[in-house]
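Undergrad: Need coordinates for the following:
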Amino acid sequence: MYYYLLQGLLLGLAYVAPIGIQNLYVINIAVLEGRKKGFEVALITIFFDISLALACFFGVGILIDMFPVFKGITLFAGCIVVIFIGFKLIRSHPQISNNVEIEHDNLLKVTGICFAITWFNPQAIIDGSLLLGGFRASLPYGMSNYFIMGVCIASITWFLSLATITSLFRSKFNNMVMRWINITCGVIIIFYGLKLGRSFIQFIR
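TA: Have a look, this model is predicted:
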């Protein structure tokens, strides 16, 4: 049980930590508005991030349960895409920019932006479905709930930590730090992609 919870936590951190639109939005709010506003945006982002993770995990999981051949397809596609994501992260050069649109005066506007940058991102939905759905296909029966619980804990931990650290060290949170975050996460995601590949080989055997 704890092994799959920890596995979900590590994968969740590696998946959510790479600097993307969600993280840039939280970073910019925390840098410009401070810890309180950063926490507000982080909590809203956590809600939508977890809702997307659950949809990706259980949505693809239903197809896997209904059509066993889909398990093999998901494992294979997940392996290829996840490894590609890892290499892409390693090669990326994220930039902190004040050009991110910030509508922080109105809670409804903030919620709308957090929803849009999470659910209106087709790439995030596809990648999340292949990554999380692929791992659901490789999990033993009854362990999937612990795994996705770890993913949800990772989302909560990451975004709250991001808002806290960014607001405390505004002047020191630079592009180089973000670059190393992406490199570390890229390596971890490639490792998980290789694990999916091994599960695919075991499946076809």
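
Undergrad: Report the buried residues of the longest helix along the chain.
TA: If you go by DSSP state H, the chain has its longest helix at helix 35-66. Burial within helix 35-66, assessed by neighbour count using 16 or more other CB atoms under 10 Å, is assigned to 37-42, 44-50, 52-53, 56-57, 59-61, 64. The C-beta positions use only the backbone N, C-alpha and C, and glycine is treated the same way.

Undergrad: Strands of the protein, residue ranges please.
TA: Assigned strands in the chain: none (criterion: DSSP state E).

Undergrad: And the helices in the chain, which stretches?
TA: Using DSSP H, helices in the chain cover 2-16, 21-33, 35-66, 68-91, 107-119, 122-138, 144-168, 175-204.

Undergrad: With mean pLDDT added, can I get those helices in TSV?
TA: Below are these laid out as TSV (pLDDT from 0 to 100):
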stretch	mean pLDDT
helix 2-16	88
helix 21-33	80
helix 35-66	86
helix 68-91	80
helix 107-119	84
helix 122-138	77
helix 144-168	92
helix 175-204	81
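
Undergrad: OK, contacts around Cys114?
TA: Gln22, Tyr25, Val41, Ile44, Thr45, Phe47, Phe48 (CB atoms under 8 Å, 6 or more residues apart in numbering).

Undergrad: surely Ser92 meets Asn182?
TA: Yes - under the criterion of CB atoms under 8 Å, Ser92 makes contact with Asn182 at 5.4 Å.

Undergrad: Between these two, which is the more surrounded one?
TA: Asn182 (21 against 16; other CB atoms under 10 Å).

Undergrad: Could you find the closest non-adjacent residue to that one?
TA: Leu89 (4.7 Å; CB to CB, 6 or more residues apart in numbering).

Undergrad: The one you found touches Ile188, doesn't it?
TA: No - taking contacts as CB under 8 Å, Leu89 lies outside contact range of Ile188: 9.5 Å.

Undergrad: So those two - more neighbours on which side?
TA: When Leu89 and Ile188 are compared on other CB under 10 Å, the one with more neighbours turns out to be Leu89, at 24 against 19.

Undergrad: about what we covered before: mind listing the shared neighbours of Ser92 and Asn182?
TA: Pro18, Ile19.

Undergrad: isn't Pro18 right up against Ile181?
TA: Yes - the pair Pro18 / Ile181 is scored as a contact, 7.1 Å apart, by CB under 8 Å.

Undergrad: Settle it for me: which of those two has more neighbours?
TA: Taking other CB under 10 Å, Pro18 and Ile181 do not tie; Pro18 has more neighbours (23 against 17).

Undergrad: Let me know the pLDDT of that one.
TA: Per-residue pLDDT puts Pro18 at 77.

Undergrad: so who does it touch?
TA: Taking CB under 8 Å, 6+ apart as the test, what Pro18 contacts is Leu89, Ser92, Ile181, Asn182, Cys185, Gly186.

Undergrad: Now with 7 Å, please.
TA: Going by CB atoms under 7 Å, 6 or more residues apart in numbering, Pro18 touches Leu89, Asn182, Cys185.
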